[in-house]
Structure formats: structure tokens, C-alpha cells
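A.B. asks: Give me coordinates for this.
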Amino acid sequence: MNLSFRFRDCLSRTFERKKTLAAFAILFLVGMILGLIFVKTPAIYDYHITVCDRFVNRICFSDRNVFEIFLERALGHAVLLLVIALSGIHFVGCVLPPVVLLYRAYTFGGSLYIFFSVYRFSGALIVIGLYLPVHLLIDAVLCFAGALSYARCRRFGFSRHDWLLLFADFLVFFCFLLAVGLLEMLLLLALFHPLGNIF
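C.D. replies: Numbering: from 1, shown residues only. Sure, this is the predicted structure:
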């Protein structure tokens, strides 16, 4: 398998779906704004507090080594990517990418409010140095994967070629997720974790 060709082919097919990518970007923006607006609703506020506390305690200021965090986060994001990739095998599954993206955008918006209003300066440092860039990069990868899933659902024939192409696309996007995970690991190591937590 020619990896460079697979990467170029996957990305070229993705950028052909400009309207779909734009729709996903608008959906994400709307979800983020809704998250900011409704975060003060009691049950939703408690949920976002729990999410942010978990991120701070289990990711940013955890005693666990950064490689363990990298593996845990990579697995979680891989599951989301798999759901989005498989959604393209039938048109009914096309509801899944918007649902995943809307949920992530909604919690993203609410979490931004919590980080700045509750954690103050440390929250701003977490957002600017880690949470914001990593979250947006992962969302971009999921948006790209969703765009290809929408393109795939029109002509997926359950043939060997179709499954191999789906698997190849999944691997390409998974490599991007791993790259973002490595970036997150380096940022954690540089900003939040002592050197002793490498292993």
C-alpha cells in the first residue's frame, strides 16, 4: 500500500466535499453557541462541571504518565471515528456524524464557559495551551471523516473494494488522530506534567 498516495487520495476526496464541510462547520459553531447559552441550566451546568473536573484531574494534573493518557484518549477518539466511518455504509447512518459533532460542539461551548468562569486563570491556561487546539483539531478530523462518509453512502455496494477503501480512509484519519494525540502528549508534558511522568 502506497501510504503517501492513500493520504493524498483521501484528502483530495475530502476537499471535494466543500459544501458538506461548510455545513459541518456551521453545525459545530451553532452547537458551541448553544452550549454557551444553556450552560447555566442546573442539570447541564453540573454535567459540564463534571466533564471539566475530569479533564483537569485525569488529564492535566494527573499522576498518570502521559503515554497512558495518550492511549486512553486515542482509543476514545478512534471509537468516534469508527462510528462516523461506518455511518457511510447506509444513508440511515448519515444522521450519526451530525449527532457526534453537535454533542462535541455543545459540550465544548459549555466547557469553555466553565473553564473561564470557574477555573479562572488556570482554566484560561488549560484552554489556550491544551483544550482548545486539541479539541478543534480532533473535531476537524471527525468533520473530514464525516464528509467522506456522506460521499460514500451514495455508492457503497458492500463489495470488497468498498470495504477496503473504507478501511484505508479510516486508517488515514486515525493517523491524523494519533498525530493530534502526540501533540496533546507533548503539550501535557511541556505545560502540566513533570518529566517523571513520561513513563
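A.B. asks: can you give me the helices for this structure?
C.D. replies: 3-15, 18-38, 42-55, 66-86, 96-117, 120-126, 132-152, 160-191 (DSSP state H).
A.B. asks: okay, those helices in TSV with mean pLDDT next?
C.D. replies: Formatted as TSV, the helices of the chain follow (pLDDT from 0 to 100):
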stretch	mean pLDDT
helix 3-15	85
helix 18-38	95
helix 42-55	92
helix 66-86	94
helix 96-117	95
helix 120-126	91
helix 132-152	94
helix 160-191	92
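A.B. asks: Mind putting those into TSV with mean neighbour count?
C.D. replies: Every C-beta, even on glycine, is put in place using the N, C-alpha and C of the backbone. Listed next are those as TSV, based on neighbours: other CB atoms under 10 Å:
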stretch	mean neighbour count
helix 3-15	14
helix 18-38	16
helix 42-55	14
helix 66-86	17
helix 96-117	20
helix 120-126	15
helix 132-152	21
helix 160-191	16
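A.B. asks: Let's check: the centremost residue of this protein is which one?
C.D. replies: For the chain, the residue nearest the mean C-alpha position is residue 138 (3.2 Å; CA atoms, centre = their mean).
A.B. asks: That residue against residue 179, yeah?
C.D. replies: No. With contacts counted by CB atoms under 8 Å, residue 138 stays clear of residue 179, the gap being 10.5 Å.
A.B. asks: Residue 35 contacts residue 108, correct?
C.D. replies: Yes. Assessed by CB under 8 Å, residue 35 is found in contact with residue 108 at 6.3 Å.
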